Structure formats: structure tokens, C-alpha cells
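Student: Quick one, fold the following:
(2 chains)
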Amino acid sequence: MRKALLFVIALFTLAFSFEVSAQQRQISGTIISGEDNEPLPGVNVIVKGTTRGAISDLDGRYAIQADANETLVFSFVGFVSQELAVGNNSIINLTLAPDAKVLGEVVVVGYGSTTKGDLTGNVASVKGEALATIPVPNFQEALQGRMAGVFVESSSGKLGEGVKIRVRGTTSISGGNDPLYVIDGIPMTTSGGIGLYNPLADINFNDIESFEVLKDASSAAIYGARGANGVVLITTKSGAKGKTKFNVGIQRGISSPTRLREFLNAQEFVELMREAGENVGDLAFVESRLDRYSGWSDWRNGETDTDWQKQAFNPDAGTTNVNFSASGGDEKTRFFFSGAYDDQTGILIRNDFQRISGRLNLDHTVSKRFTIGANFGLSRTQNNRLSDDNQFNNPIQLVALAPITPIRDLNGQLYDRPTATYYNNLIDSENAEWLNTSFRNISNIFGEYKLTNDLKFRSEFGVDVFNQNEEQFFGSQTNLGLSTNGFARSRWVRVFNYNTNNYFTYNKIFAEKHNFEAVAGMSFQKSDRYFTFVEGQEFPLDQLRTLASAAEITGGESSITNFTFLSYFSRINYKYANKYLATLSARIDGSSRFGENSRYGFFPAASLGWIVSEEGFLKGNDKLSLLKVRGSYGLTGNAEIGNFDHLGLFGTSSYALIPGLRPTQIPNPNLTWEKTAQLNFGVEFALFNDRITGELDYYNKNTTDLLLNVPVPATTGFNVQRQNIGRMVNYGFEIVLNSVNVSKQNFSWNTSVNFARNINEVKELAPGQTSIPSSSSRFLNAVFVGQPIGVFYGPAYAGVDPQNGDALYYTNADRTETTSSFNDAERTFVGDPNPKFFGGITNNIKFKNFDLSILFQGVFGNDIYDGGGGFFAANGDWFDNSTRDQMGRWQNPGDLTNIPQARLGECNGCNASSRYLSDGSYLRLRTLTLGYSIPSDQLTKFKLSSARIFFTGQNLLTFTNYRGWDPEVSTDGLSGNIFQGNDFYSAPQAKTFSLGINVGF
Amino acid sequence: MKKYIITGLICSLAIFSGCDDQLNQVPRQSIDQNLALSNDANVKSTLLGAYSEIRSTFLYGGRVQLYAEMLGANSEVRWEGTFNQPREMFNKQIFVTNSFVEGTWAAAYRAINVANNVLASLDVVNEADRGRVEGEALFIRGSMYFELIKLYAQPYTAGTSGLGVPLVLTPTRAVTEENFVSRNTIGEVYQQILSDLNRSESLVPAVNSFLARNYVVAAQLSRVYLQMERFADARDAANRAITAATANGKSLIPVFLNAFNTENDSNEDLFTIQVNTQDPANDMFLFYSLPEFGARGGDVAIMQRHIDLYNQDDDRLLQFFFSAGEERTSKWRDQFRNVKVFRLAELYLTRAEANLREGTAIGATPLEDVNRIRARVSLPALLTVSIPDILNERKLELAHEGHAIHDVRRTRGSVTENAGTPNSVTFQFNDPRLVFPIPQREMDANPNLVQNEGYGN
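Tutor: Residues are numbered from 1 along each chain as shown, chains lettered A, B, ... in the order given. Down below sits the predicted model:
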């Protein structure tokens, strides 16, 4: 559609301008689009320095008269122009490389689309194909480092779990901070799954045409009460008129952890523990424990030296992807059809992920005025899951076991407690199962009717059905089933979410200069969640694993919860003389989540833009081919609170199987959405004929009426009350730069850089309240007025007293006085989990038939708290195995070290303090793809239109000073917005090497 | 054209005008607080909710008993588990961020708030049951204040003017300035406990399934009076408890070990926390038992120094068994067993001690009561009895059941850890390190609170 339109425009321009000389030789050829390897119609072909020109036809063919010493210039909107000398050639074929960063690019926005040039807000866009071969389970991870101001972090290397996305910082303390995800017009179900399952992992991202992230108020206000965290619009692929195109791809890879830690070997462990016992006068106790932990072997002669860390990882980890698609259509009906199979075997034992998905997108032109269509997506996901990081059966917790403990006893049975220090979760591998299966159907139908040439009405109805069940079985040898002859649990959830959008779009150009577009309509959404579970124990055999075999049913529940949104929205775009742009948008949102006193909210936004380079004084200037300034201001909301948080509630509780009631929530009838007012100011530019393009944005988000779980004295019988109190700001800037470094027929090289700096600051809390210190004894994150959210606040570790080996803490903020008493330590700000800046650099290089894409991504200036340190980096405080650095402990008066004297059970420095904090900055070679496309002349005999073999590597290199496994971490054992930047036996990310082939015909 | 637009808009609005009603959704798993206390049945359900709070592992579900044993370990038991919260108590070096200390504080006040809700709604309770409902709620509130004052403040024996815990006697319906309470004195808190429990005893019946009964309340009162060294009152309360309990079928189980790990409440159990497979938590089991019974790794070891205290003929020695490298007690061996809070044996020993201290023989002579306990465990009858004899008998009979530190503190005793090693250290009954800190979270949330001695500011 877009190409056809541009073809017409190009034809039109040509009709006026060029004369053709009859004396030159005829040169002809075919122009191929580098975007999809299809013929490219409408390309301007001009003989340099003349007015002679031609335009390629629908098959991409052109013919032009030219001399041997002349040069042809090929140009087309949306592609990088190329120049070629004619020479002796009479046929010149070429491929034009796409240049995505120009004004003509179509950008999807809420309830419509626009072009990049007409946009007055800030929208980041990534085409689906850029992500197509990245071997990760969900599209969120694939987006890492590709969009300015969009921070992506996966919690660990576990498969199928949540990924944190923050658009321009964290806006809420107690409410949700994830953006709103809208797929083909339906706000998706993104939470409510069982455990920590990530419902977005159900999406096969090979089906995605584009991702757009609405970042500023002007673009997001049309999503009103749910726009404050940004909006991710996902558009699935659709068919185009023409020959049916098939595409088949296969990809396989192997994975391994990005990094391992170093733990003590048996000899070092014995040395440290004996010393720890000796120092507290209890060597005999330590030795009796060493006897116990060494099982059949003798710790004195180093018979056993088990590397428990190695046991946590799967040596056969890898990925497989097979996908197939067909698309095409005719004048009346177009289709896109796909199927895919993804299989990932996790780097951790007992962890894998498998997705089978299919899609059919259809649209049909009923008449000149009437179009209908349907998108139908279905997937099944199976995930062999692991427990949270803080559970004994998290594989990484195996590192706590002593290296003197043999894995198995002399009968070949896995050792458990008391020989193993803790539960040996390898038993789970042999005696447990934990499978999570989800079925997902995201489908919609739409109809669009042109009432007049200028006015159309569109109606959409979509459903997102998320069905999930989890089957857990822990056999009679596992810690959960040990004394009960096994334990099993079956959980089911169904989230039925439906949505309808109905809106008018009016579009007219008045007096040739006034472009006017208006959108107005309504939407309604309802989501119902049904949850059921049953659990039981006492199984006759470990082979009988379903609850039908449980002799004793010990628990069960069914629960129902729901929410609704009723909304009215409108947007008006006005453009004068292609230079001056203005947009007004607004939404009224009502929701069942808000208290009766404030059920509806109004969210307006306005923006202005000026394309300076269209003015006479700049027009036609090659050096500055584009200069556009734009600004926006508006209000958006955050409604991600619990469904019934405004009510004063009594919940059920039972005692001795008798039902009871107890208060669970303090009422707040005024509870409402958080309000974020955002100012955005941006400049877009293009230099040297679009060789260098860029965007620079400054934004300031001011969030008021924070949904805050205000800590209240526990003497009230409650811990928190949710109130609309407080204020937080996020401000910063974003830079996007794209350059075409080389653009030749056989060699092109583009670089794209994005970079964002966000500053978060809590401005106000409840009246009279200046802080919410950490509610955890093991983690330090707090909220303070004047500080970024989640700031690390706690005792500052002052190292070790050289005289006696005591751990020391500072007693004053100036850090001049120290104490060895933890309770007397002064709590101060010791670190910040929020990155100071983050970004990515992508280099795309094409050389002849080779293509190379390299993405480096980095996060800088944040700290990570290693919560497991109190166990494995506590100078032999207990029998957990220690990291190797603990061997540097204080031993003799005068020793200068940061590691206190080993003292069994005395917690000499093991408490939560800045001791376990370190710099979490990293730079990572996130994705590297090297491909080779088989030349088309060799393909024709196989009747193929394209064939490409490629290598894709993910997380190949990581540069960091972080001491833990992996700096991209946020333990899943903690929830909420405050507890960020913590590691707690969290799995490292996967490093994957993969090979694949893609064939089109 | 305009006509079409307007018609279209009106149509679409008409179709969805019903949507506005959809904005009124109600929760399906909870009810509004006003409904919850609106009638007889609901208030009684809320009373049950208060039991479910004191059932928490932070309270009678096991931890308050564990705390007493760790603080009073006295080189007779040792914390060997990986949880550092009990280890800090065992070390007498508790950190203000100790999450058990914080959890027990919050759980006790949750239970108090539920009880206060019930007490504020008595007018809708059927008149016939009103007294019982009030009495049970008062038992719960009084008991919670008693557990709090024993852990978070100096003992009564160290003076009544010291800082106790805040008294909250009305339900929380909204958070206002009044909720930022200050600490009452130890004396004030004890007065409130006595007032709650005395009235409770007069209201609750002798038969009330496994919930509060008049002899349970009397038993709790006897503990309160012992802490206050009001021995005559302790004696009378214990005597009332014994009289009412035995009249209702309670008696000592003939074989000592059979009094433990029972499927249901035994005749000897006056009050327990009900545990079943659907509500399985019993933290004394969890920390004292072993993996083969479904527990943790055997976190509490019994030291030889303790075992040596028993006479070699004492049947109570049979509770000890060797596993996972240490001696263990089987009092908490099995999973899914009720958590024992009051056993009849305790009351005989309380009555004996109080009678002897007062020079009386109410109910029975001290000698009779002590010998009743000794006879069961195959020990020869004593001919004469002294206070140390009774205290010793009490210590061995009730060992590992959550009494250790409380008996030390009321008798102005001491606790010695690492005995027999160069690191031996003794804590007097009023040592600040035997008192929990006010949790840091609470100090942060309520600026009106004052921290206990030795825990920073």
C-alpha cells in the first residue's frame, strides 16, 4: 500500500520534470528492495547532473538512456540512495538498502497510524524482522538495547519468567510500572498467571510486524488512565496483494551460563570452617559437623571435592526454532498465515520452555467502502518451571552445599540432609515434576466502513483468552513430599479479557494546505480471572503423580476477580502547509478499580511541531536535509492497583477447619489513579542527504497522587494502607542517532545508537513522612524523599578492625567513626539500584551476500545488592560453602583485609550492609548475527526466491565489575518496585550460539 | 452527512450505555467491613478469625515457644539451624531488623485488632452467647499482651515502671494520629492483662470445644501471676484451672511420652493450637524435628549438659534420641500434630510452687502435687520438698515447651551460654540482651516509640 502510494507520487513528479535524450545507450535492470528482497517499484533513477530520469515499474524494472561515463543515481523514499557508474554495463541490477529513519515511515499510534514526519509525540519503533532470529523466549528480551528510554531487564536466566520493562523510568512506588501492552487493538493480559509465569511469553514474535512504544504524553494520553508507564503497541503481520510467498526457517543453538562464580574447594572449605570453629572455641563441634557432611568419605584426606555449582547447570542447554509462513492475496482478500515451534532447554537443570503457535490474519475488501478482517492467534506454551530464587529447590542454591559432601551415597542414592547441609535439590530432578502449560488465544475481528471519502467508522472486537494450568508433583524423596509420601498440586487459571473499540476517523485537506484528521470513539474492556487449585499428599507410589492417586486432599481453592474499563477518546491532528503540526488528544476513563468518589478521570494532551527544513530558507539544503522541532504536554494515569483496593474488607480465614473472618484492608473511598503530567521537547534532524539522522528528546514526568502502600504502625493490626499520596519525578533525555557510514552496491554499513539518561526522584510521601526504610532484614532498598526509588539505605560497612578482625560499621554519615556493633551503626544511603544511563549500539554491515549485525547494549551507574552474601560471603559464619574471596579473611592482628575474622555462628559482618553492594554496570554484546544470502541466480534452479544461512549469538560477551553471576539480575524472590537491583542465588543469563537457515519461495 | 455521524454515535453509545453498570464490580473472596460485623453469625466468624491469628507460627503456632527456649538455652540446647533469626536469640545478640521479632510483633497486634473488632460489635451478638464471645475475645487480647510484654519488655520482677508495649483497645477502622501510639508501662500492661483475663474467666464456659474455656483462661492467669510474683493469686488460678479441667475429664496421661505426638488433643492438653494437613504449620516441629519426619535439618540440638540433669531412672529421658549427629527431643517429633500451649502437668507444678511459697495447701499439698508428676515418670516420691526441688521438677517436666526464659526471669535467675568453655558468658534475668528490640520497621513507622536499651536509638 505504502509502496503503491509512493509509486504514484513518483510518477506524478516525473511527468513534469524530465526530458529524455535519444542519443545514449539504453541501460536497464531490476531494482530489489533490501528490506524483503522483492522488486521495488517507483524508484527514481536519474543520470547524475542531468534531468534525464526514469522510474522502476511494478516488477522493479527500469530502463534509461545514458553514456558510459555517466553515473546513475537511484533514490526512493525510505531507502538509502545509491550512485553507480554506467561503464560498459547495459544491465545494472541493484538492491536498495532500506533507510528506516526518514519522514515517510509509517508509525502505528493509538487507534490509527501516522507517518514519522507528521508525528508530534515521541514514539519508538522496532520492526519485527530485526528480532526474528534472536534466540530468547519472549519479545521483551529481544527488545533490549533497541529503543531509547526503554529499559528492559530479565530477572534471571530462568525460562518463562517475568521481564521488567520501564519506559522513561519508574513512575509508581506501590502500583504497577509495566507499560500497557496492546496487540492489534486489545489491551493484553500481562499478569494473573500462575506463579511468576510471564503471559507475554505466549507471543511468537516472528508474527510481529512492528513494536511501537508510546513514550510521551501526546502519544500515550489516548490510553488515558493506563498510559503513564508508556504503551507498547504490537501489530501483527498482514498479507499483501501478489504472488503467495512462503518462508521457512530452522534454527538451532546451544546455551551456557554467561558466567560462574568461584566457590571453595574441599580443602579450602575445611580450612575456613575449622578456623571459624577454633575462633569461637568450638572446633569439636565443627569437626563433628564435617564428619556429618562428608558422608561415606573422609574430609581429612580430601576424598571428596564436589563442585555443586556445576550440578545446577544443564550441560545440554540449547534452543530450536522452526517457523513457517505464507502470505499473499488478491484485490479482494489478503492473508498472512504462520506456524512456529520454539524449544528452549534452559541453562539450569529442570528448566525448559516450548511454544507451538499458529496465526491466520485475513482481511477482505467487501466493497469500495467496506473492509472486514480477522486476526486469529493461538499458542500453546509448556514450561518446566523452577521455584523462586529463595527456595531450597532453586538449583542455584546447591552452591550452599559443602564441597566435602559426595553427591551420592555408596548405594547410589543422592545424599540429603543431614549429610547434605541443606536439601539436595538434585533429588527434585529424579523425584519431582513441575509443568506449566498455557493455551492462549488472542483474536479479533474488525470492520471498517467509509461513510464518505473523508469519514470512516471502524469497529473492533477482540478477545484474549489465557488458560493456564500447572501440575506439580514432589515425590516421597523430595523436601516437600518427604514425610507425606509425596505432595502434588494442580492449579488452573483462566483470564478472559475482552475489549471493543469503536471509532470514527475523519480526514480532509482543506484549501490544499490544511490537513485535518480527527479520531473519536469509545472502548470497553472487561477482564475476568478464574482460579482453582487443589493439593494433596500420601501417594502410593512415586510413579502415580496426579492427584487422583493422593490419599489425602489437603487444600483447595477457587476464586474469581475482575475489572472493567469504560473509556471515550478523541484525537485531532492538524497540519498546515506540511510545516506546522498540532495534535490534541484526550480520553475519559472509568474503572471498577477506583473508589466511588472518583470513578472517572480525564486525560488530555496537546503537542506542536514545526518542520523547519520545509521553510524556504532551508528547503533543498543538502547538509541539513531535515530539521523538526516538537513539544508536547499532557496528563496520563496509572490504574495498575489491585482490583478492589478502595474497599474496607474482611477476608476469610479458618482455624481448625472452622471458617472465620478477619479484617484485611483499610478502606479508602477516594482511591484513584496516579496522575503523570509529562512535558516532552524534541528535535529531529537529518544531515548530508539523510546520511545522518537523529532525534534528541528531553522529558519531564511529574507523577502525583502516588498509589502508595503507606506503612502504618503494626499496632493498628495492619502493615500498610494504600493511599493516593506523594509525588515522584522522572526526567532525562534520549538520543537516537543513525548513520549510513558506507552505502555502495556491494557494501553498506549503518550504525544506530540510542542512549537515555533518566533521573528519578521521590519528591513527597505521606504528610510528615520522609522515608520508608527497608521492610526486610536482608535487603536494603528504601524510599526517601529527595532520593531515587529503591535507594539502598543501611549500615555502611567500614571494613575490618586490623587489631581483632571485627567487622566494622560507620556510626556517622560522614564516615569518620566506626563501631563493631551492628545495632549502633548509622544507616545511610549506600547505593542506587537505578541505572544512570543505558543504551545500545547496532551496526549493520552488508558485504556482497554477507550481512552482519552487532548489537552492544549497556546499563551504567547502578548498584547491585548480593543478598546471598550473608550466607556464602560471610567469612565462614555457617556451613554454607563460601565464595573463594572469603579465604582472604582476617587472621592475625595487623592483617589488612575487608573480610572479617571467621567466627562460627557469630555473624561477624554477615548482616545486610553495604558490604554486599557492588557496581552493577555492564556492557554486553547482546546479539551478533552473521548471515549469508545465496545469490539469486543460483536459487532459480531450485525455484527459490531467497535463501539465507546465518549464525546468531546472544549474550556472547559481558564486561562488568559485578562480582556475582550476572549483572542483569533482579531476584524473583522479591516483588514490588522498591526491591530492585537485588541478586539472591539468581541464575545468570544464557549465552547462546545458534545456526539457522531461512528459505523463501 | 452530519446526520449519519450523529446517528452512528448515538447507536454506538446506546449499545454501550449498559457498560456504566459494569464499573460496579464487587470482590468475591472478601466482604465489606460493615457487613462483616453486622450480625451475630458474622461477629462469631470474626471471633474465629482471631483464633486463626493467634494460631500463626509467629505466635502460638510455635515461635513464641521457640524464642523462650533460645533465649533461655543455658548451654542445654543449641541452635544449629541456618535461620539466623533464632540464632540471634540464641546468641543473645538480636538485630533490630530480625524478621521474627518483627513478625511476632505484627501478628500479635493483628490478633488484638481482630479481638477489638469483636469486642466493639458485641451488641449484635445474640444475648445468649454474648458473654462467651466477649470472654473469648478478651482471652485472646489478654494472652497477646502477655506474650508481647514477656518478649519486648523487661520482666515484671525488674520493676513495673519500665517501658512495656503500647495498649490498643479499640478496632482500627481508619488510620489517624491516634494510631501513632506510645508505649505503656509494664505495670499498665499487666493491669490490662489481668483485667482482660479475669473478666474472660468469668464469662467463658467450661465446655467450648478446643477454644478458650474457663480453665484455659485460669491457666493463663496463673502464668501471669507467677510473672508478677503474686503467688497466692497464681495458686488460686492454678487451683481453679485444675478443678475445672479435671471436672471436665482432663487428667495426666499415665505414660509420659504418650502425652506427646498425639493425633488429637489428649486428656492432658488444656489448650493447643489445632494443626491438620490443611493447616499444617507447627514451628516447634519444624525446627526441633528432622527431615525424615518432614521437618528441617534438626535445627535444635539437645546438649549433654541438659540430659545430665535427669535422674537416670527418669522416664523423661526416653524422649531423647540421637539423629543427624546430635541428641534430639521427641516432644515435637511428628508432623501435623497440635502445638501444645497448656498441659495439665504445668498447673500442678504451679500450684505446688505457689502453695509452698505461701505456706498453704490449697487443692493439695506441694508434696502431693510434685510427687504426682514424679510418680508418672518412675521417680521415687520425695519426702520433703523445697522451692529449688519444685523449680527443678518444673524445668525438666516442661523442658523444650516454651517456658525456659520466662521461669528464669520471674525467679531472678540467669542464663549461662558456652558453659565450660573460655567463651562462657552469663546473662542475669534483667539483662537487656534477653529483651527483644522494638522492630526497626515499627520504629520507622511510628516515631512515638522508644527503643529498648542496648538497641541503638
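
Student: mind listing what the nearest residue to A:Pro711 once chain neighbours are set aside touches?
Tutor: Here the nearest residue to A:Pro711 in space, its sequence neighbours aside, is B:Ala445; by Cβ to Cβ, 6 or more residues apart in numbering or on different chains that works out to 4.5 Å. Every residue, glycine included, has its C-beta placed from N, CA and C. Listed by Cβ atoms under 8 Å, 6 or more residues apart in numbering or on different chains, the contact partners of B:Ala445 are A:711-714.

Student: And for A:Pro179?
Tutor: Neighbour list for A:Pro179: A:165, A:167, A:213, A:229-232 [criterion: Cβ under 8 Å, 6+ apart].

Student: if I pick the residue nearest the centre of chain B, what's in contact with it?
Tutor: Residue closest to the average C-alpha location in chain B (Cα atoms, centre = their mean): B:Tyr60, at 4.0 Å. Residues in contact with B:Tyr60, defined by Cβ under 8 Å, 6+ apart, are B:54, B:273, B:339, B:341.

Student: With A:Ser625 instead?
Tutor: With Cβ under 8 Å, 6+ apart, A:Ser625 has these contacts: A:613, A:686-690.

Student: So A:Gln938: helix, strand or coil?
Tutor: helix (DSSP: H, G, I helix; E, B strand; the rest coil).

Student: Count the residues that sit near it.
Tutor: Each residue near A:Gln938 was counted by other Cβ atoms under 10 Å in any protein chain shown, and the total is 10.

Student: do A:Asn69 as well
Tutor: Using other Cβ under 10 Å, A:Asn69 is surrounded by 8 other residues.

Student: Outline the domain layout of chain A.
Tutor: As given by automatic domain parsing, the domain ranges for chain A are A:2-96, A:106-244.

Student: chain center to the shortest one: distance?
Tutor: Domain A:2-96 has its average C-alpha position 41 Å from the chain's average C-alpha position, going by Cα atoms, centre = their mean, to the nearest Å.

Student: pLDDT averaged over stretch A:253-267, what's the number?
Tutor: The pLDDT scores in stretch A:253-267 average 95.

Student: coming back round to it: and the contacts of B:Tyr60, which two are furthest apart?
Tutor: B:Ile54 and B:Val339 (10.8 Å; Cβ to Cβ).

Student: Report the set of residues contacting both of the two.
Tutor: By Cβ under 8 Å, 6+ apart, B:Ile54 and B:Val339 have these common neighbours: B:60, B:273.

Student: Of those two, which one has the most company?
Tutor: Between B:Ile54 and B:Val339, counting by other Cβ under 10 Å, B:Ile54 is the more crowded of the two (27 against 24).

Student: Near chain B, which residues of the stretch 251-400 of chain A? Just list them.
Tutor: Taking Cβ under 8 Å from any Cβ of the partner chain, the part of the stretch 251-400 of chain A that reaches chain B is made up of A:280-282, A:288-289, A:291-292.

Student: re the thing from before, how about a markdown table for the contacts of A:Pro179, with neighbour count and secondary structure added?
Tutor: Shown next, in a markdown table, are the contacts of A:Pro179 (neighbours: other Cβ atoms under 10 Å in any protein chain shown; DSSP: H, G, I helix; E, B strand; the rest coil):
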| residue | neighbour count | secondary structure |
| --- | --- | --- |
| A:Ile165 | 23 | strand |
| A:Val167 | 28 | strand |
| A:Val213 | 25 | strand |
| A:Asn229 | 30 | coil |
| A:Gly230 | 27 | coil |
| A:Val231 | 26 | strand |
| A:Val232 | 26 | strand |
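
Student: that older thread, could you list which of the contacts of A:Ser625 belong to strands?
Tutor: Per DSSP state E, strands hold the following members of these: A:686-687.

Student: Need the contacts of A:Ser625 in a markdown table (columns: distance to chain B).
Tutor: As requested, the contacts of A:Ser625 are exported to a markdown table (distance: Cβ to the nearest Cβ, whole Å):
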| residue | distance to chain B |
| --- | --- |
| A:Ser613 | 37 |
| A:Ala686 | 40 |
| A:Leu687 | 45 |
| A:Phe688 | 47 |
| A:Asn689 | 44 |
| A:Asp690 | 41 |
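
Student: which of the contacts of A:Ser625 sit farthest apart?
Tutor: Greatest spacing in the contacts of A:Ser625, by Cβ to Cβ: A:Ser613 and A:Phe688 (13.0 Å).

Student: The two: who's more crowded?
Tutor: The neighbour comparison of A:Ser613 against A:Phe688 (other Cβ under 10 Å) goes to A:Ser613, with 20 against 13.

Student: can you pull the pLDDT of the closest residue to the more buried one other than its chain neighbours?
Tutor: Of all residues not flanking A:Ser613 in the chain, A:Leu627 sits nearest, at 4.4 Å (Cβ to Cβ, 6+ apart). A:Leu627 is assigned 91 on the pLDDT scale.

Student: Kindly report the same for A:Val102.
Tutor: Note on A:Val102: pLDDT of 54.

Student: Then the one 4 residues further on?
Tutor: At A:Val106, the model reports a pLDDT of 84.

Student: again, but for A:Arg915
Tutor: On the pLDDT scale, A:Arg915 is placed at 95.

Student: Quick check: it touching A:Pro900?
Tutor: No. Using Cβ atoms under 8 Å, A:Arg915 is not in contact with A:Pro900, being 9.1 Å away.

Student: Please list all residues in contact with the residue of the stretch 351-457 of chain B found nearest chain A.
Tutor: Residue nearest to chain A within the stretch 351-457 of chain B: B:Asn446 (4.0 Å; Cβ to the nearest Cβ). Each residue near B:Asn446 by Cβ under 8 Å, 6+ apart is listed here: A:713, A:715, B:180-181.

Student: quick one on the thing from earlier: lowest average pLDDT across the domains of chain A?
Tutor: domain A:2-96 (a mean of 72).

Student: which secondary structure elements does the helix or strand encompassing B:Ser222 contact?
Tutor: B:Ser222 belongs to helix B:214-227 when assigned by DSSP states H and E. In terms of contacts (3 or more Cβ pairs under 8 Å, 6 or more residues apart in numbering or on different chains; DSSP states H and E), helix B:214-227 is packed against helix B:127-152, helix B:186-203, helix B:231-247, strand B:269-273, strand B:339-343, helix B:344-358, helix B:404-410.

Student: Now A:Gln397: phi and psi?
Tutor: Backbone torsions of A:Gln397, given as degrees, to the nearest 10, read phi -70, psi -10.

Student: Ignore what I typed, I meant B:Thr329.
Tutor: phi -100, psi 140.

Student: Under a three-state scheme, what state does B:Phe173 occupy?
Tutor: Check again: residue B:173 is Arg, not Phe. Quick answer, by three-state DSSP: B:Arg173 is coil.

Student: Spell out the residue ranges of the strands in chain B.
Tutor: Using DSSP E, strands in chain B cover B:30-32, B:77-79, B:269-273, B:300-302, B:320-323, B:326-329, B:339-343, B:414-417, B:425-428.

Student: Format those strands as TSV; extra columns: mean pLDDT and distance to chain A.
Tutor: Converted to TSV, the strands of chain B look like this (pLDDT from 0 to 100; distance: least, Cβ to the nearest Cβ, whole Å):
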stretch	mean pLDDT	distance to chain A
strand B:30-32	82	4
strand B:77-79	94	8
strand B:269-273	96	9
strand B:300-302	95	9
strand B:320-323	94	7
strand B:326-329	94	8
strand B:339-343	96	12
strand B:414-417	95	11
strand B:425-428	95	11
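
Student: Out of these, the one nearest B:Asn42 is which?
Tutor: Smallest distance to B:Asn42 across the strands of chain B (Cβ to Cβ): 8.3 Å, for strand B:30-32.

Student: Give the pairing partners of that closest one; include direction for each.
Tutor: Paired strands of strand B:30-32, with direction, are strand A:649-655 (antiparallel) (DSSP bridges).
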